[in-house]
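# Below is the sequence, then the predicted model.
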Amino acid sequence: MPGYRIKYSTLSIGAEDFHLCSLRDKQQFADHDGLAERAGISSATWSLFGQLWPSGEVLAQTMSRFPTEGLRILELGCGLGLSSLVLQRLGADITASDHHPLAGEFLLRNATLNELQPIDYQDCDWAEAYLELGLFDLIIGSDLLYERDHPGLLAGFIDRHSKPVAEVLIVDPGRGNSARFSREMLSHGYQQQADLLNDLDDPQAPFRGRILSYQRAA
């Protein structure tokens, strides 16, 4: 990937090992083609998609034991795609999405690293609707609520792309926007359920966030 320094790591998720290509650090930025400018992403936040965050690992661990048979699943803000990789290996019907111009490229590389078929991918701006994307039974994501306008945008996007009966799981590290998001979800008919248990067992770096769970019934 011209202009970037990358690294490789191996993680144990459930009973499987996954190999992951990521950006070496948060200082990686190259925009020779003007992708950052066109996407409205600053140089300070450009590299964040390419890091493995604790909330992303929590989501992947959660998906490794989640019953997914018969569900059409969408991951929002997939970044490096770890949770989508886990679901692809489990044989789930998974579509990954992100709005970062490099996310699809990293997702494909990581699928290849893990000897998986390419994962369906959609570039998604939450302010838009994508008719070709369709509707989903389960929508997942991690660390998505880091801007003040994200609760409304995210809830609206979920509503446009979820089936009448659907479930949503969001791993939130606690950036202060989860209460607003829950209110927005309620306005779309989603009831908040008890938080799921955190399945990331790392006493050296405990995850102090929440796994937010929402359900909408017919």
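That came through, no problem. Numbering: from 1, shown residues only.
# Every contact and neighbour count from this point should use C-alpha atoms.
Will do.
# in the chain, which spans are helices?
Under the criterion DSSP state H, the chain carries helices at the ranges 35-39, 54-64, 82-89, 103-113, 150-160, 178-187.
# residues contacting the residue nearest to His161 when sequence neighbours are not counted?
Distances taken as CA to CA, 6 or more residues apart in numbering place Leu135 nearest to His161, at 4.5 Å, with adjacent residues excluded. For Leu135, the contacting residues are 72, 160-163, taking CA atoms under 8 Å, 6 or more residues apart in numbering as the criterion.
# Can you pick out the most distant pair from the residues you listed?
Arg72 and Arg160 (14.7 Å; CA to CA).
# thinking again about what came up before, separation between the residue nearest to His161 and Pro101?
Relative to Pro101, Leu135 is positioned 23 Å away (criterion: CA to CA, to the nearest Å).
# ditto for Ala127
Distance of Ala127 to Pro101, computed by CA to CA: 17 Å.
# With neighbour numbers in mind, choose between these two.
Set Ala127 next to Pro101 and count neighbours by other CA atoms under 10 Å: Pro101 wins out with 16 against 11.
# Ok, which of the helices of the chain comes nearest Ile211?
Distances from Ile211 to each of the helices of the chain were compared by CA to CA, and the smallest falls on helix 54-64, at 8.1 Å.
# Averaged pLDDT, the closest one. What do you get?
For helix 54-64, the per-residue pLDDT values average out at 94.
# That helix versus helix 82-89: what angle between them?
Interaxial angle, helix 54-64 versus helix 82-89 (axes from the mean of the first three to the mean of the last three CA atoms, to 10 degrees): 20 degrees.
# which residues sit against helix 54-64?
In this structure, residues lying in contact with helix 54-64 by CA under 8 Å, 6+ apart are 13-14, 82-84, 86-87, 90, 141-143, 170-173, 198-200, 207, 209.
# Now, of those residues, which are buried?
Buried by 16 or more other CA atoms under 10 Å: 13, 82-84, 86-87, 141-143, 170-173, 198-200, 207, 209, out of the contacts of helix 54-64.
# Nearest residue to Leu197 in space, please, no chain neighbours.
Here the nearest residue to Leu197 in space, its sequence neighbours aside, is Ile211; by CA to CA, 6+ apart that works out to 7.1 Å.
# I should have written Arg148 there, sorry.
Ranked by CA to CA, 6+ apart and with sequence neighbours excluded, the top spatial neighbour of Arg148 is Asn177, at 7.0 Å.
# Give me the neighbour count for that neighbour.
Using other CA under 10 Å, Asn177 has 17 other residues around it.
# and it, how far is that from Leu90?
In this structure, Asn177 and Leu90 are 32 Å apart, going by CA to CA.
# ok, now Ser162?
Between Ser162 and Leu90 the computed distance is 22 Å (CA to CA).
# what do you get for Leu186?
The span separating Leu186 from Leu90 equals 31 Å under the rule CA to CA.
# How about Val58?
Relative to Leu90, Val58 is positioned 17 Å away (criterion: CA to CA).
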